[in-house]
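Student: sequence plus the predicted model coming up.
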Amino acid sequence: MYRYLRLFNTVKYLKPIQVYYRLYYFTRARWRKCSGFRYPLALSSYSRELTLQPSIDSYVSRDEERFIFLNLSHRFEKGIDWNYAAYGKLWTYNLTYFDFLHQPGMSREEGMGLIYDFIAQEDSLKDGLEPFPISLRGINWIKFLALHKVRDQKIDESLYAQYAILMDNLEYHLLGNHLLENGFSLLFGASYFQDERLYTKAKEILTAELEEQILEDGAHFELSPMYHEIMLFRTLDCINLVKHNQWIVDSGWLIEFLEEKAVKMLGWLNAITYENGDIPLLNDSANGIAPTTEQLNDYASRLQVGHPDTGSESGMTDSGSTDNRFRIKSGMTRLKKSWYRKYKNDRYECLIDVGHIGPDYIPGHAHADSFSFELRINGKPFIVDTGLSTYETNARRMAERGTAAHNTVEVSQSNSSEVWGGFRVANRAYVTKLEESDDSVTATHDGYKNLGVMHTRSWRFEADKITIEDSLSTECRAVARLHFHPDVTEAMIKKHITIHHSPSTIHYPPSPIHHYDYAPEFNKTQKALVMEIPFEEKLKVEITL
């Protein structure tokens, strides 16, 4: 019974269009399987040579016959198996994205050989002909062909057939970044093939989805800094495409629209990026996947995309970056619509999450992390998010999304939002109260309302101290956790952390300190320390800088 209730509490948030397309694609697939339907894998087409400025190099993922994705490598001894699935679907997806076409040192001859090898195996492809990898591969092939001034009929016929498959399988059942990636790719396909049908659909998707998915403060609405960087990268690539190829009739309007979004996104990214250029690993975020903040700022400058505004139009107060050094003013940065707050002074940077987990109808990249935070002292990470190491539906994925993996309060061993199944969320926490000043924030969420508990957390920021107070509306068993960076020792924890258990004060508490697996990248973990602080109603933690 519980499973059905959880499923209902998940599905009830979906948009009608998602439900419709899930049913439609499911029914169509069953009918097509019975009828023996197959897409043509080559279609007659006309392409044009495109002009593009150099983009951003991809991470190195190919070395001779060895491919490295998600920190897992495999060498194909007897030819590439484009369906290789031993490392999971995400690894297979990465293999078929063809990002490696843009890694340093990739030659025209090698790239062409890889494309031809893929085409030769198209009739046996599985994951590689799904709409998401088609979308990314289409962009990568077109950018590669433009860079090397290649006009090749066989490649064009394959690519045009792939765009026909994409058009027939647009990811309206998922929405979010998936549909946006479809739209970005269709714009590239439309320009490359001068196809009005592709362009009409690309424009429809991009205008609607960028309006919805880019919040007023510039954040991508799934609230993952990593996905934000990826969506910004695609937006800049589209600006590059439209600026330098004037086939599109309303290109002036489209450039203005895309630049407006890019400027807001740059503003948010620069505000949330730490002083050294790192991003916080909030929600589904990992290093080594997306272009860095510095690379994106540089690319925007080369495209002459304006620097982010520092005023209210960007949805921020006391924030904004005016150069490529990721610098923001001291004090409180309020990212209003994405619900992040960042306090910065000469000693520390503290980023806190005081909002909802993300869009209700697509929370797949959200974690049960309400009121979690990260802290850097003198430019070095001290308290960190545990990170992301896998997208596989397993115990590790469940743990990394759970409340116990974040720097917040877990009540009765329950998650504040009901994450399950890898990318699903049933009941979820909502912020019911938020009060703030220039040096303090207090918020309440209802993630434990099924237990009869409301959780209130306040942060007070001083020049050399942060005070965090937790209050539960009902006395119950709770645990607050602090996850430390692998470089942080127990001696450093003793130096900086003071716990106040009302009515007594314990300068260094006998709270258990355990090891946990810090995951800064996919499939890469390091041992680090976590402090678990049990309490029943009220707790005060002081972090002295």
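Tutor: Yep, that arrived. Residues are numbered from 1 along each chain as shown.
Student: alpha carbons only for contacts and neighbour counts from here, please
Tutor: Will do.
Student: thought Pro486 was touching Lys527?
Tutor: Yes - look at Pro486 against Lys527 with CA atoms under 8 Å: they come within range, at 6.2 Å.
Student: list residues touching both of the two?
Tutor: Residues touching both Pro486 and Lys527 (CA atoms under 8 Å, 6 or more residues apart in numbering): Tyr518.
Student: more crowded one of those two?
Tutor: Applying other CA atoms under 10 Å to Pro486 and Lys527 shows that Pro486 carries more neighbours, namely 20 against 15.
Student: got the buried residues for stretch 525-534?
Tutor: Thr525, Ala528, Leu529, Val530, Met531, Glu532, Ile533, Pro534 (16 or more other CA atoms under 10 Å).
Student: tell me where the model's unsure across this structure.
Tutor: Scanning the chain for pLDDT under 70 picks out 249, 307-329, 502-510.
Student: show me which strand runs longest in it.
Tutor: Counting by DSSP state E, the longest strand found in the chain is strand 524-535.
Student: tell me the gap between the next helix or strand after it and the middle of its chain.
Tutor: Scanning forward in sequence from strand 524-535 by DSSP states H and E, the next helix or strand is strand 538-544. In terms of CA atoms, centre = their mean, to the nearest Å, the centre of strand 538-544 is found 31 Å from the chain centre.
Student: stretch 346-361 too?
Tutor: With CA atoms, centre = their mean, you get 14 Å for stretch 346-361.
Student: doesn't Pro133 fall inside a helix?
Tutor: Yes - residue state for Pro133 (DSSP: H, G, I helix; E, B strand; the rest coil) corresponds to a helix.
Student: can you give me the helices in the chain?
Tutor: Using DSSP state H, the helices of the chain run over 2-11, 16-35, 89-97, 108-120, 131-147, 153-167, 176-193, 196-213, 225-244, 251-272, 293-302, 395-401, 490-496.
Student: save these as JSON lines, and put in distance to Ala286 and mean neighbour count too.
Tutor: JSON lines is the format used below for the helices of the chain (distance: least, CA to CA, whole Å; neighbours: other CA atoms under 10 Å):
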{"stretch": "helix 2-11", "distance to Ala286": "26", "mean neighbour count": "13"}
{"stretch": "helix 16-35", "distance to Ala286": "28", "mean neighbour count": "13"}
{"stretch": "helix 89-97", "distance to Ala286": "14", "mean neighbour count": "21"}
{"stretch": "helix 108-120", "distance to Ala286": "27", "mean neighbour count": "15"}
{"stretch": "helix 131-147", "distance to Ala286": "19", "mean neighbour count": "22"}
{"stretch": "helix 153-167", "distance to Ala286": "28", "mean neighbour count": "20"}
{"stretch": "helix 176-193", "distance to Ala286": "16", "mean neighbour count": "24"}
{"stretch": "helix 196-213", "distance to Ala286": "21", "mean neighbour count": "17"}
{"stretch": "helix 225-244", "distance to Ala286": "7", "mean neighbour count": "22"}
{"stretch": "helix 251-272", "distance to Ala286": "15", "mean neighbour count": "21"}
{"stretch": "helix 293-302", "distance to Ala286": "13", "mean neighbour count": "19"}
{"stretch": "helix 395-401", "distance to Ala286": "12", "mean neighbour count": "19"}
{"stretch": "helix 490-496", "distance to Ala286": "25", "mean neighbour count": "13"}
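Student: can I get the ones you listed in TSV with distance to Glu435?
Tutor: Listed next are the helices of the chain as TSV, based on distance: least, CA to CA, whole Å:
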stretch	distance to Glu435
helix 2-11	29
helix 16-35	35
helix 89-97	41
helix 108-120	55
helix 131-147	41
helix 153-167	46
helix 176-193	30
helix 196-213	26
helix 225-244	25
helix 251-272	21
helix 293-302	31
helix 395-401	27
helix 490-496	27
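Student: out of those, nearest to Leu451?
Tutor: For the helices of the chain, distance to Leu451 was read as CA to CA. The smallest value, 16.0 Å, belongs to helix 2-11.
Student: how far off centre is that closest one?
Tutor: The answer for helix 2-11 is 25 Å, by CA atoms, centre = their mean.
Student: give me the contact list for that helix.
Tutor: Arg424, Val425, Ala426, Asn427.
Student: for stretch 42-54, same thing?
Tutor: 143, 146-147, 149-151, 154, 156-161, 191-194, 240-241, 244-245, 303.
Student: same deal with stretch 433-446?
Tutor: 331-332, 343, 354, 370, 429-432, 453-462.
Student: what about the nearest residue to Phe118 once chain neighbours are set aside, how many residues nearby?
Tutor: Nearest non-adjacent residue to Phe118, counting by CA to CA, 6 or more residues apart in numbering: Trp82, 7.1 Å away. For Trp82, the neighbour count with other CA under 10 Å is 19.
Student: try Gly452
Tutor: With other CA under 10 Å as criterion, Gly452 counts 13.
Student: that one and Leu472 touch, don't they?
Tutor: No - in this structure, Gly452 is not within contact of Leu472 by CA under 8 Å, at 9.8 Å.
Student: now do the spatially most central residue of the chain against Glu400, distance only.
Tutor: When CA atoms, centre = their mean is applied to the chain, the residue found nearest the centroid is Tyr227 (2.6 Å). For Tyr227, the distance to Glu400 equals 17 Å [CA to CA, to the nearest Å].
Student: kindly report the same for Leu451.
Tutor: Taking CA to CA as the measure, Leu451 and Glu400 are separated by 23 Å.
Student: which residue packs closest to Gly421, ignoring adjacent ones?
Tutor: Using CA to CA, 6+ apart, the nearest residue to Gly421 is Thr393, at 6.1 Å.
Student: for Phe132, same thing?
Tutor: His178 (6.5 Å).
Student: touching, that neighbour and Phe184? I think so.
Tutor: No - counting by CA under 8 Å, His178 sits too far from Phe184 to count as a contact (10.1 Å).
Student: overlap of the contact sets of the two?
Tutor: With CA under 8 Å, 6+ apart, His178 and Phe184 have no common neighbours.
Student: number of residues surrounding Gln246?
Tutor: Using other CA under 10 Å, Gln246 has 13 other residues around it.
Student: kindly report the same for Asp360.
Tutor: By other CA under 10 Å, neighbour count at Asp360 equals 17.
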